[in-house]
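[1] can't give you the sequence, but here's the structure:
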């Protein structure tokens, strides 16, 4: 039995997760983002709530995983820094292991989601790339069953590869990052800049261009297709670098399913460097399977990819 | 004792290589690129020449590595295809193992060079990215001591990531690949397009802009610096994705040393996604150490990264 804890600036959600990725019991508490130490205590409380509700004793838990925004140091078991939670090399593992005999792993949200998708997709060896399209573009890379962390835990910043030098300003302060084009925020910006039918909408979300395109609105088709091409171009870059066995696309927008995936697959099959070579195995490109529970389930499975 | 064989369209060069990467004895024969089977026989002949010259008996060789342009299947031990040698799923390993009791590994030239640089740089765990700047831009990625091959052996096509959508035509048939800008061919194109002082030169090579810049020619400074910035941008993309322990830049142009490396390091330190976070370990960026012998030495060390 594993526990996954999904730490956000508003709430801390915990779940007891079985081997198949099903959440057996849940617990939740409000965040106190102003104090790192208090946040750690609340992570523990959220876990206890979940265990109590499920009437599961602590000694049946073999691994606890904690996913949070920000940078963590899994070796030391600390949360180093987060832009929206007052971590300051806050010890997390220690707090848990002083209270129970358990393995504790920490990682950021994108790596947790990658862990969850990897496990529910059947694990296996080979290489796995997870791309999440949301407010930003994040990712996680799993090679031969291990998460690629890099020299400093900061690997996998797929969204911050430059693809339009001098282009649109990115949230990171640089120009032309893939994230500035392929995120849902980028899509919403595209729609606003396009105007026309979009200007008449009371609210523009990531779904708006897809809904408009489905209704045959030319501006919506144009915006949706250009955005998908920018997503696909970056996906194709990742395929050329990794040639992964599987590449999974997550984020709420991945619910668009084949409307999003089919053109990405087409772009990659027509543009990947290996496109001309017959008989080669190809990367399988699919949508994420875990929805809102990705943070909990993925955190619970961190021990499998660390 | 290892044997490395560097297979080109003109010559097949073999070397007996010791544990430190020193070549003890060499052999060479002309290529017969019109026949894959004949090429395999000649690889064996080149090895025998080297062993004979070094008066080394075949049973002292524990591993043979073969590096060639094109796509190989190291699992099956075959050369699948090359644009300039008539391979057609040509069995290579079988030919050697029928004649001697030895481990045989095959790979392409960029992966061989990565293997060589990795070993002479002291191996170690962690992650290692090799980028070679030549006619094209190639690369090899070694993670936790193993070469990243991907699902089909085609991983590491770092040069064919799009960084200028719709930009300059690349040799691969697409537009805007990093290779079209960061290769030495790209640099030569930059110089030709710039004209001015360059138009007065009898020949333009990759060294011309560096020599001109050293002599204070403004057009040369401009072309050199723009090219280096394009190289650095792609290197920074790789750093954001991998955060490797080490990134080594190879190809003849890497002999420019600090003229090339210092501005790349500066760009990465100012632009990598982790730039603002204090106290983090950073990727060490250095120039390749193996020169013309990279193919032989790297092939001899393939068994260490497969």
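    On my side now, so go ahead. Since the structure is predicted, the reported quantities are computational estimates derived from the model, not experimental observations.
[2] so what's the residue count around the closest residue to residue A:177 other than its chain neighbours?
    Nearest non-adjacent residue to residue A:177, counting by Cβ to Cβ, 6 or more residues apart in numbering or on different chains: residue A:170, 3.8 Å away. For the C-beta atoms, the positions are set from N, CA and C on the backbone; glycine is no exception. Residues near residue A:170, counting by other Cβ atoms under 10 Å in any protein chain shown, number 24.
[3] and if you look at residue A:257?
    Around residue A:257 there are 10 other residues, counting by other Cβ under 10 Å.
[4] so residue A:95 is in which element?
    Using DSSP states H and E, residue A:95 sits in helix A:93-97.
[5] ok, the very next helix or strand once past that helix near chain B or not?
    Scanning forward in sequence from helix A:93-97 by DSSP H and E, the next helix or strand is strand A:103-108. No. Strand A:103-108 stays clear of chain B (Cβ under 8 Å from any Cβ of the partner chain), getting no nearer than 12.5 Å.
[6] now do the buried residues in strand A:103-108.
    Neighbour counts over strand A:103-108 (16 or more other Cβ atoms under 10 Å in any protein chain shown) mark A:103-108 as buried.
[7] what is it packed up against?
    strand A:63-68, strand A:71-73, helix A:93-97, helix A:302-305 (3 or more Cβ pairs under 8 Å, 6 or more residues apart in numbering or on different chains; DSSP states H and E).
[8] format these as JSON lines; extra columns: mean pLDDT and mean neighbour count.
    What follows is the helices and strands packed on strand A:103-108, written out as JSON lines (pLDDT from 0 to 100; neighbours: other Cβ atoms under 10 Å in any protein chain shown):
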{"stretch": "strand A:63-68", "mean pLDDT": "96", "mean neighbour count": "27"}
{"stretch": "strand A:71-73", "mean pLDDT": "85", "mean neighbour count": "21"}
{"stretch": "helix A:93-97", "mean pLDDT": "98", "mean neighbour count": "18"}
{"stretch": "helix A:302-305", "mean pLDDT": "93", "mean neighbour count": "22"}
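[9] save the ones you listed as a markdown table, and put in distance to residue B:88 too.
    As requested, the helices and strands packed on strand A:103-108 are exported to a markdown table (distance: least, Cβ to Cβ, whole Å):
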| stretch | distance to residue B:88 |
| --- | --- |
| strand A:63-68 | 49 |
| strand A:71-73 | 50 |
| helix A:93-97 | 55 |
| helix A:302-305 | 40 |
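[10] among the ones you listed, which is nearest chain B?
    Checking those against chain B by Cβ to the nearest Cβ gives strand A:71-73 as the closest, at 6.5 Å.
[11] so after the closest one, what's the next helix or strand?
    Following strand A:71-73 in sequence, per DSSP H and E, is strand A:78-81.
[12] quickly run through the sheet partners of that following strand, with directions.
    strand A:71-73 (antiparallel), strand A:90-91 (antiparallel) (DSSP bridges).
[13] what parts of the stretch 51-200 of chain A come near chain B?
    Residues of the stretch 51-200 of chain A that fall close to chain B, judged by Cβ under 8 Å from any Cβ: A:71, A:80-81, A:126-127, A:141, A:143-144, A:146, A:148-158, A:160-165, A:172, A:174.
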